[in-house]
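*Asks:* for reference, the sequence and a predicted model appear below.
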Amino acid sequence: MPELPDVEGFREVLSSCGRGRRVTRVEVRDPGVLRGVTVRRLRTEVEGERFGEPRRHGKWLIAPTDDGPALVWHFGMTGALLCTPADEPLDRHDRVVLTLDDERQLRYRDQRKLQGVQLAGNEAAVGHILADLGPDALSVSREEFRELLHGRRGAVKNVLMDQSVVAGLGNLLTDEILWRAGVAPDSVAGELTEEETRSLYAAMRRVLASSVRVARVPPRRTWLTGRREDPDPRCPRCEGPLRSRRFSGRRTLWCPHCQSRSHRVERDIHPGKGG
DNA sequence: CGCCCGTCCTGTCCGC
DNA sequence: TGCGGACAGGACGGGC
């Protein structure tokens, strides 16, 4: 589930529910989600601490405590962060439960445990965890976006999903953005025209804005995402059949009619310098 | 650099 | 009813 918009929602949950509150109890119900930290250390370092203002970078959520370390969360494919009353029955997938001083709880719920939670002792440690990430997708300017794609020989689908290029875009968002922009996923990223690049950037901004508003990629029928589960998926724009293929092992859908792939490896020399 | 594969996990669905 | 395999909105490391 979690791509940038979902994690932005979790940040909001953490901010409204946890910020300014003290953690009275840390309960690790499944140590399998702890990364590089023991149950004991998590408890001793976090119990008694007060949450500061959380922030997000790509699909990562950073939860600093006032005077101590920061919790650094990643939600993998199935993770979520919930704020519940302390007496609400536990879900079988509630892996870490933080009880706050107002009788509410922050719960890290995750079925598959593909990622988890780390503990960073200070800002430098947070920086180390996030070191390989590109800029957050929401913070990228049009010009910076152009530079990120510049010179890349890979398929644009793979490049956009690469967290070290730009952080936050996952499989669904990327398909949605490419479809909106009318760009085929197997286009070579560095070979896109100026117009295609602008179109891609505009689509990214719009898709992100709409998705962040509802804290998920909305499965509307007018979006490509809303057609993914159909037995015979069709383009929301032209109703033609969608094509399906794997990129980086991920199922990718696109409309061969609405999404062009005009620019590939073999191209004529184009005049002008273009930047 | 860029792509492909396996691996880490759990759960569901589909076909035999 | 049982079972193997594929697949699911992610990331990482190894190999080519």
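*Replies:* The structure has been received and is ready for your questions.

*Asks:* tell me which residues are up against the helix or strand encompassing A:Trp179.
*Replies:* For A:Trp179, the host element (DSSP states H and E) is helix A:171-181. For helix A:171-181, contacts defined as CB atoms under 8 Å, 6 or more residues apart in numbering pick out A:3-5, A:156-157, A:160-161, A:169, A:184-185, A:196, A:199-200, A:202-204, A:206-208, A:211, A:217, A:223-225, A:228, A:235, A:250-255, A:258-259. In short, each C-beta sits where N, CA and C put it, glycine included.

*Asks:* with adjacent residues omitted, what lies nearest to the residue in chain A that DNA strand C sits nearest to?
*Replies:* Chain A approaches DNA strand C most closely through A:Gly170 (2.3 Å), counting by CB to the nearest atom of the strand. In space, A:Gly170 comes closest to A:Glu3 once its chain neighbours are excluded; the distance is 3.7 Å by CB to CB, 6 or more residues apart in numbering.

*Asks:* what do you get for A:Asp110?
*Replies:* A:Gly79 (3.9 Å).

*Asks:* how many residues are close by the one you found?
*Replies:* By other CB atoms under 10 Å, 28 other residues sit near A:Gly79.

*Asks:* among the contacts of helix A:171-181, which are in strands?
*Replies:* Judged by DSSP state E, strands contain the following of the contacts of helix A:171-181: A:Arg250, A:Arg251, A:Thr252, A:Leu253, A:Trp254.

*Asks:* OK, contacts around the fourth one?
*Replies:* With contacts taken as CB under 8 Å, 6+ apart, A:Leu253 has the following neighbours: A:Asp175, A:Trp179, A:Leu224, A:Arg227, A:Arg228, A:Pro233, A:Leu242, A:Arg243, A:Ser244.

*Asks:* how far does stretch A:229-249 stretch from one end to the other?
*Replies:* 18 Å (CA to CA, to the nearest Å).

*Asks:* for stretch A:150-161, that is, sorry about that
*Replies:* Note: stretch A:150-161 ends 16 Å apart using CA to CA.

*Asks:* can you list contacts of it?
*Replies:* Here stretch A:150-161 makes contact (CB under 8 Å, 6+ apart) with A:149, A:162, A:165-166, A:169-171, A:174-175, A:177-178, A:183, A:185-190, A:192, A:200, A:247-248, A:250, A:252, A:265, A:275.

*Asks:* buried among the contacts of A:Leu253? Make that a PyMOL selection.
*Replies:* The PyMOL selection below is limited to those of the contacts of A:Leu253 classed as buried (16 or more other CB atoms under 10 Å):
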select buried, chain A and resi 175+179+224+227+228+233+242+243
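
*Asks:* near DNA strand B too, which of the contacts of A:Leu253?
*Replies:* Counting by CB under 7 Å from any atom of the strand, nothing from the contacts of A:Leu253 sits close to DNA strand B.

*Asks:* now A:Leu138. Nearest residue, chain neighbours left out?
*Replies:* A:Leu208 (6.0 Å).

*Asks:* phi, psi for A:Cys238 please.
*Replies:* Backbone torsions of A:Cys238, given as degrees, to the nearest 10, read phi -110, psi 0.

*Asks:* so who does the residue lying closest to it once chain neighbours are set aside touch?
*Replies:* Closest residue in space to A:Cys238, ignoring its immediate chain neighbours: A:His257 at 5.3 Å, by CB to CB, 6+ apart. Shown in contact with A:His257 (CB under 8 Å, 6+ apart): A:Cys235, A:Cys238, A:Gly240.
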